[in-house]
Every structure is written in structure tokens, then in C-alpha cells.
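Trainee: Got a predicted structure here, sequence first:
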Amino acid sequence: MSQRRAIVIGAGLGGLAAAAALRRRGWSVGLYEKGPWPGPAGSGLAMMPNALRALDAFGAGDTVRHLAAIQGDGGLRRADGRYLARTSAAAVQARFGDPMVVLERARLATILREAASDVPLHSDTSAVVVDVGDAAHSAVVRTGEGDEQAELVVAADGVHSAAREVLFPEHPGLRYTGWTAWRFIVAASAAVQAGETWGEAGVVGLVPLADDRTYFYAAAVAPAGERAADDERAELLRRFGHWHAPIRQLIESAEAASVLRGDIAELAAPLPALHRGRVALLGDAAHPMAPFLGQGACQAIEDAVVLAHALDVPEDLAGYTAARHRRTADVVRRSHRMGTLALLRSPVIRTLRDTFLSTVGRLSSDTAIRQLIPVVDWRPPTSDGAMASGGRSDPR
């Protein structure tokens, strides 16, 4: 039997994971990226236990565990530095069997590329779906090198996915959440405590990385497209420079050009399915989500592993949708709810929120862990055909 052919559009984290997972299961894969590879650096991310298990499915989990920093004890604070709730790294490890680890996005991309090292990567080459195919016919992708046919096309082309518009032209598309986000990585001159801070101006997160660096992120309510008149580092100082140490010091240590800013968008409604014909949507192309649960990359890697497993039968993309549609929609909803809670505008409601969180945090040390269970307590599908927990169901 001839080797099955797949084309992956997009060499971000989800596309790289899909290429690695498909090659692991014997597919011939071509990978197309419309921009240069690697892309811009400057941000970090968390790999939670669910993502580490997914990475294990194609042999990259231990490399990530070795190169990443383990997320230490931390918690949630007010702008004045008072803790509302604390988190325990040991408790996360004990409950889920793995720690939460953090690393630079660029480092994870390199690890995933190495896991798919025998997949040719065509950078600076666009790829457009021109025929989604069906059970009897291959899908067709048009590139600068000509048209290519494939039994499977994986569209991992990001939040502004062109493939999504081809598959579901009647879908209303993206909507702005009302939230904008900043991020940068900076060398830290002293130890930084992991965690988030919630206050009137928005949210700040501090994530210690390996080699004495810190990933800094922030979010706030802002009009779509708004940008600082001077630079985004100055904007961060205006919004958060009076918050507890070392927030101001970290912002001042960053180079202005290193501060990235982007508005947060979500789909106006869930897609009716995560596939059409022989084309599957993956990651941000399928279910863009707010970053407040740290699950965007984690869910894309889950998608890749479940997709490769479902396609032991080439036409079983319906199995992929069934396994992923409800779970990813739930994570999108949970991420949005967390953003709504973190970015409350009313001072009265913020005070009630903080009082509640502080009270619950004093009464129970595992509140944060219990909130994570529905998201993190996931395992990849097994070789006997069983689907992952939280997985197979009819899409709704």
C-alpha cells in the first residue's frame, strides 16, 4: 500500500506538532509556512501536564521536561502585592503526575521541528486550499510551487486562518474580545516569584524561565487597534508601573522594541465542525481562545495527537471533530470566563471578587488545582482505539 500523503499549512506550534505526530504514524508530510521560519521570538508559554502527555505521544515530552523550567510555587496577588491565593508546584505534580513547565515559544518550536526533522519545510511559501476533497477524491492545495494533492490537509494557519474561511464561508468569523495583551522576555537580576496580579488596570503575569530570565505578560481592556503614542513599554509603565515589585523594575529592564502587543480575538461562534472534506482545522485556526488559562498551545498539541490517531482510517476526520469539538469549545469558554473575572471594570465587583478569592484561598489550599482538573486531567487516545478523556462526543 502506498504511503499516505498529508500537507500541513502553517509551521507554528500546532502545525509542527501535527507534522511530527503524522510522521510518527507513517504519513508522508509536506509543511508550508507563508513567512520565514523560525518566526519572531519574544514570548513564553506554559506546558501543562495535559500538553506534556500529548508531547509524549510523538516522543518530545521528555525533551521539553528537560529544557523547560518547572513552574514553582506562586499565586494570585492584588496590585499592592497582597496574596489572594497561593499555588503549590508539589500539589500540581502530585495531582496530575507531571509539573507545569514553562519555556520560550521559540525553544518549543525548535523542539517540535526536531521531532519532525525529516519533514520538508517550505518557508516563505504560501499554501491555499482550492479543493477540500471528499471520500473519493484528494484535497488540492495551491502553492508557489504548483498544485499538490493530498489525502489530508491540516490547516494550522493561525487565528486569521484563510483555510477556515474556505471551509466555512458562511461563518461570522472573529470578534474582538475587548482585551489587549502585551508580552516580553527579560533578564531578571533577582529571583522572581511566579504568579499573576489582578488590579484596576488589568492583569500582569510573571513567569520565571531558565537561565535567570522572566516572561512578562499583561492584559487590559482597550479599544480594538489602540496603540501607544510613544512605545508599548511606556504604556506598560503608565498602566502597571505603580504595582508591587518587581513589576516596574522588569518593565524598565525591557527594551522598548521587545515589547509585543496584540488584541485578543475569538470566534463569534463555535465552528460547526473542525473539518470539511479532507481538510482539518487545528489550533488557533479551529478554536482561537483567550490566553487566561494558558491553554492555546496546549490545545493545539492535543489536536495534533488526536488527529493523527483518528486518521488510522484516512476518511475518519469526523472522528477528529467528534473527539475535539466539545472539549476545545469548553476550554474556550473557560478561558473567556477567566478573562472576564480577571478584567472586571467595576470597583465594587472587584472588591467582592478579591474578598471571595482571599477567603476561599485561606480555607482551601487546592482551590486552583480543582479549577484546573477539567482542563488538565486529559490523556491522549490509546492504541486500542479509546479516545482521550473529555473527548469523543457529538459536536454541538
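Mentor: Arrived safely, thanks for sending.

Trainee: Can you pull out the low-pLDDT segments for the chain?
Mentor: Along the chain, the model assigns pLDDT under 70 to residues 1, 313-315, 363-365, 383-396.

Trainee: Contacts only, for Asp62.
Mentor: Residues counted as contacts of Asp62 (C-beta atoms under 8 Å, 6 or more residues apart in numbering) are Asp56. Any C-beta I mention is one placed from the backbone N, CA and C, and that applies to glycine too.

Trainee: One more pass at 10 Å, please.
Mentor: For Asp62, the contacting residues are Leu52, Leu55, Asp56, by C-beta atoms under 10 Å, 6 or more residues apart in numbering.

Trainee: Then Ala342?
Mentor: Applying C-beta under 10 Å, 6+ apart to Ala342 gives the contacts 76, 179, 196-199, 202-203, 205, 219, 290, 292, 350, 353.

Trainee: hmm, try it at 8 Å
Mentor: Glu196, Trp198, Gly202, Val203, Ala219, Phe292.

Trainee: Do a quick rundown of the helices in the stretch 51-200 of the chain.
Mentor: Counting by DSSP state H, counting those that start in this stretch, the stretch 51-200 of the chain has helices at residues 61-67, 89-96, 105-115, 162-167.

Trainee: who wins for proximity to Asp377 among those helices?
Mentor: Between Asp377 and the helices of the stretch 51-200 of the chain, the shortest gap by C-beta to C-beta is with helix 89-96, which sits at 6.8 Å.

Trainee: got a list of contacts for that closest one?
Mentor: Taking contacts as C-beta under 8 Å, 6+ apart, the residues outside helix 89-96 that touch it are 48-49, 70-73, 99-100, 365-366, 369, 372-373, 376-377.

Trainee: which parts of it are buried?
Mentor: Counting neighbours by 16 or more other C-beta atoms under 10 Å, one finds that the buried residues in helix 89-96 are Val92, Arg95, Phe96.

Trainee: In a markdown table: the residues you listed, plus distance to Gly283.
Mentor: As requested, the buried residues of helix 89-96 are exported to a markdown table (distance: C-beta to C-beta, whole Å):
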| residue | distance to Gly283 |
| --- | --- |
| Val92 | 24 |
| Arg95 | 26 |
| Phe96 | 22 |
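
Trainee: quick check, nearest of those residues to Leu260?
Mentor: Val92 (27.8 Å).

Trainee: how close does Arg227 get to Ile9?
Mentor: Applying C-beta to C-beta, to the nearest Å, the value for Arg227 to Ile9 is 29 Å.

Trainee: scratch that, Leu55 is what I was asking about
Mentor: The gap separating Leu55 from Ile9 is 22 Å, by C-beta to C-beta.

Trainee: for Gly72, same thing?
Mentor: With distances defined as C-beta to C-beta, the gap from Gly72 to Ile9 amounts to 38 Å.

Trainee: who's more crowded, these two?
Mentor: A side-by-side neighbour count of Gly72 and Ile9, using other C-beta atoms under 10 Å, places Ile9 first with 30 against 19.

Trainee: partner residues bridging that one?
Mentor: Residues found in beta-bridge contact with Ile9 (criterion: DSSP bridges) are Tyr32, Ala155.

Trainee: quick one on the thing from earlier: and the contacts of helix 89-96, which is closest to Ala304?
Mentor: Ala304 lies nearest to Met48 out of the contacts of helix 89-96, by C-beta to C-beta, at 15.6 Å.

Trainee: so what's the closest one up against?
Mentor: Phe96, Met100, Gly294, Gln295, Cys298, Leu372, Val375, Val376.
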